[in-house]
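Show me the folded form of this:
(one chain, ligands or ions: 1)
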Amino acid sequence: MSNTAYVGLLGRGAVGDAFHDLLADRADAVEEATGRRPEISGVLTSKKGSFDEILAASDVIVELIGGTDPARDYVTRALRSGRDVVTANKQLIAQHGDELAEAAREGGAELRFEAAVAGAIPVIRVVKESLGTIEIEKVFGIVNGTTNYILTEMARTGASYDSALKRAQELGYAEADPTDDVNGADAAAKMAILARLAFGSPVTLEHVEYEGIEEISSDDLSYAKELGLSLKLLGVAERRGEGALSIRVFPCFLYPGHPLAPVEGAFNAVMVEAPAIREITMSGPGAGGIETATAVLGDVVSVLAGGSPLGEASGKVKIAKDISSAFYLHLEVEDRPGVLAKVAEILGENEVSVRSVVQHGLGADARLVMVMHEVEEKRFKAALSKLGKLKFMRSAPRSIRVIEEEFK
Ligand SMILES: NC(=O)c1ccc[n+]([C@@H]2O[C@H](COP(=O)([O-])OP(=O)(O)OC[C@H]3O[C@@H](n4cnc5c(N)ncnc54)[C@H](OP(=O)(O)O)[C@@H]3O)[C@@H](O)[C@H]2O)c1
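Predicted coordinates for the structure are as follows:
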């Protein structure tokens, strides 16, 4: 085997460009760690380069195009032909993980994707390499920096959702088309990947239920401040007994003692819970060209050094029903006698119990802001639907989950 490792680079955008420079800068260190000196064998962009020529000239393919087409075809062909592949592409892994694992088996090649989840934080390594020794119960966290920046900005300045989003775009924390970030799809793809690795189950994006932050109003954040809560878009993947899993993304309030409560701005943080380790929290920059390129280079070093292939996923995915959560509820009501009693009656009928309640405003501006104890979500939704039909309701009720868990 030649001492040179030829690296074919697909995509030279924000991450690809940073990777290109980093590889040149760190070539000595990579050679020292792996015994092989990396050299770029070719670069493909939308305007120049030929995939076939690059494939023929490469030992390793680094895919930094993004999206599923043509990345899926390129990555599959590279793996089948025995080239190790490193990618930062969460959509590709979350949607086509099984097919790619099969192509890697066929070609005897390795597929690595540390940069696909939480940028520079080595969560994939921790989750995957823990799996042999501990049984992971739950992986959860803040895996989208754009939404965390927007929510932090809304809480800090009282800005509306629209103006916080605009600011995120000006600062480069949000894309010109931020849809997949703000509607939760980006976080959902990352949670599908983490669930697949944590539970060894062939989870794909289809198994993830997700909501985004588009409906969050600055009111919700100012009431939350009064209640001492902070709002985050959380991804949660957990075992729910009898072999069932729950993988979801939703905005929720956290109490101040929660380890994720202080994670602000464009940062990401992921927690892993297992009986043997209780919980660990990893946090750091979740995106950025150079930060992500660092994770990509780490994977290149691993494949050149000859690591083990990524964990196998097998069996059928069983998604848990009857999930319970605590909720915050915001009701804009007419200010007249009997309103609170009627609301309490509907909540009581559905076994929803109230932990705290605050009344805000008077007359045409009256609102009830409540935090509920944990309840089966279907019971809460039934109560919400009945509340929404009451004549004294001035607008549709708004609810957001609350994480009650206390951490010491
Ligand atoms: N940016 C981040 O902070 C970040 C963080 C974590 C993960 N990621 C992931 O990293 C990957 C790359 O992201 P990025 O931000 O670097 O993207 P980007 O700036 O949009 O760059 C994409 C690159 O791919 C090339 N490309 C697009 N379509 C192509 C096609 N059909 N054939 C060949 N090349 C094509 C583009 O070519 P042109 O140069 O000709 O336009 C460009 O060089 C994505 O999977 C993304 O999700 C990014």
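
Output the residue of the protein whose distance to the ligand is smallest.
Residue nearest to the ligand within the chain: Gly13 (1.8 Å; C-beta to the nearest ligand atom). Every C-beta, even on glycine, is put in place using the N, C-alpha and C of the backbone.

which residues does that residue contact?
By C-beta atoms under 8 Å, 6 or more residues apart in numbering, Gly13 lies in contact with 64, 66.

just use 4 as the starting number from now, easier for me
Okay, using 4 as the starting number, the last item reads as Gly16.

how about the nearest residue to Cys255, chain neighbours excluded?
Excluding the flanking residues, the one nearest Cys255 by C-beta to C-beta, 6 or more residues apart in numbering is Arg404, at 3.8 Å.

That neighbour: neighbouring residues, count only.
When neighbours are counted by other C-beta atoms under 10 Å, Arg404 registers 23.

In three-state terms, label it for me.
Under DSSP: H, G, I helix; E, B strand; the rest coil, Arg404 falls in the strand class.

Identify the bridge partners of it.
Cys255, Phe330 (DSSP bridges).

just checking, it touches Phe330?
Yes. Arg404 lies in contact with Phe330 (C-beta atoms under 8 Å); the separation is 5.9 Å.

Quick check, central residue of the protein?
Ala190 (2.9 Å; C-alpha atoms, centre = their mean).

secondary structure class for Val360?
Under three-state DSSP, the three-state class of Val360 is strand.

ok, and what's touching stretch 170-180?
Residues from elsewhere that reach stretch 170-180, judged by C-beta under 8 Å, 6+ apart: 148-149, 152-153, 156, 162, 168, 181, 184-185, 269.

Now those in JSON lines, please, with extra columns for pLDDT.
Converted to JSON lines, the contacts of stretch 170-180 look like this (pLDDT from 0 to 100):
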{"residue": "Gly148", "pLDDT": "94"}
{"residue": "Thr149", "pLDDT": "95"}
{"residue": "Tyr152", "pLDDT": "96"}
{"residue": "Ile153", "pLDDT": "97"}
{"residue": "Glu156", "pLDDT": "95"}
{"residue": "Ala162", "pLDDT": "95"}
{"residue": "Leu168", "pLDDT": "96"}
{"residue": "Pro181", "pLDDT": "95"}
{"residue": "Asp184", "pLDDT": "96"}
{"residue": "Val185", "pLDDT": "97"}
{"residue": "Ala269", "pLDDT": "91"}
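
Report the residue ranges of every domain in this structure.
Domain ranges of the chain: 7-119, 126-288, 327-406, per automatic domain parsing.

got the buried residues for stretch 130-144?
For stretch 130-144, a neighbour-count test (16 or more other C-beta atoms under 10 Å) marks 130-131, 133-134, 139-144 as buried.

can you check stretch 393-406 too?
So, applying 16+ other C-beta under 10 Å, buried residues of stretch 393-406: 396, 400-406.

ok, now stretch 141-160?
For stretch 141-160, by 16+ other C-beta under 10 Å, it's 141-158.

ok, how many other residues are close to Gly291?
Neighbour count for Gly291, taken as other C-beta under 10 Å: 18.

Contacts only, for the nearest residue to it once chain neighbours are set aside.
Distances taken as C-beta to C-beta, 6+ apart place Gly122 nearest to Gly291, at 6.5 Å, with adjacent residues excluded. If you count contacts by C-beta under 8 Å, 6+ apart, Gly122 has them with 148, 271, 287-291, 294-295, 298.

Of these, which are in range of the ligand?
290-291, 295 (C-beta under 6 Å from any ligand atom).

Just send those residues back as a markdown table, with secondary structure and pLDDT too.
Compiled in a markdown table, the ones next to the ligand among the contacts of Gly122 are given as follows (DSSP: H, G, I helix; E, B strand; the rest coil; pLDDT from 0 to 100):
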| residue | secondary structure | pLDDT |
| --- | --- | --- |
| Ala290 | coil | 84 |
| Gly291 | coil | 88 |
| Thr295 | helix | 94 |
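
surely Glu377 meets Ser327?
Yes. Using C-beta under 8 Å, Glu377 is in contact with Ser327, at 5.0 Å.

Look at the two and report which has more neighbours.
Counted by other C-beta under 10 Å, Glu377 and Ser327 do not tie: Glu377 has more neighbours, with 18 against 13.

do you know how far the more buried one is from Ala323?
15 Å (C-beta to C-beta, to the nearest Å).

just Arg370 next, same as before
For Arg370, the distance to Ala323 (C-beta to C-beta) stands at 34 Å.

thinking again about what came up before, mind checking the backbone torsions on the residue nearest to the centre of the chain?
Per-residue torsions, Ala190: phi -60, psi -40 (degrees, to the nearest 10).

Enumerate the residues of the protein near the ligand.
Proximity of the chain to the ligand, by C-beta under 6 Å from any ligand atom, involves residues 14-19, 47-50, 67-69, 73, 91-93, 118, 122, 290-292, 295.

In the stretch 254-403 of the chain, where is pLDDT below threshold?
310-315 (pLDDT under 70).

now the strands for it?
For the stretch 254-403 of the chain, the strands defined by DSSP state E, counting those that start in this stretch cover 270-277, 281-288, 321-322, 327-335, 357-363, 370-375, 378-379, 401-406.

Give the residue spans of the stretch 54-203 of the chain that score low on pLDDT.
134-135.

which stretches of it form helices?
Under the criterion DSSP state H, counting those that start in this stretch, helices of the stretch 54-203 of the chain are mapped to 54-59, 74-83, 93-110, 126-133, 148-160, 164-173, 182-185, 188-202.

hey, which of these is tucked in deepest?
Of the helices of the stretch 54-203 of the chain, the one with the most neighbours on average (mean count of other C-beta atoms under 10 Å) is helix 188-202, at a mean of 27.

what distance separates it from the centre of its chain?
7 Å (C-alpha atoms, centre = their mean, to the nearest Å).

what angle sits between that helix and helix 93-110?
Orientation check (axes from the mean of the first three to the mean of the last three C-alpha atoms, to 10 degrees): helix 188-202 against helix 93-110 gives 40 degrees.

Gln172 and Glu267: what is the separation?
Using C-beta to C-beta, Gln172 is found at 19 Å from Glu267.

actually Ala60, not the one I wrote
45 Å.

Could you check which of the two has the larger neighbour count?
Taking neighbours as other C-beta under 10 Å, Ala60 and Glu267 compare with Glu267 leading, 16 against 13.

isn't Pro254 right up against Glu217?
No. Pro254 is not in contact with Glu217 according to C-beta under 8 Å; the separation is 9.7 Å.
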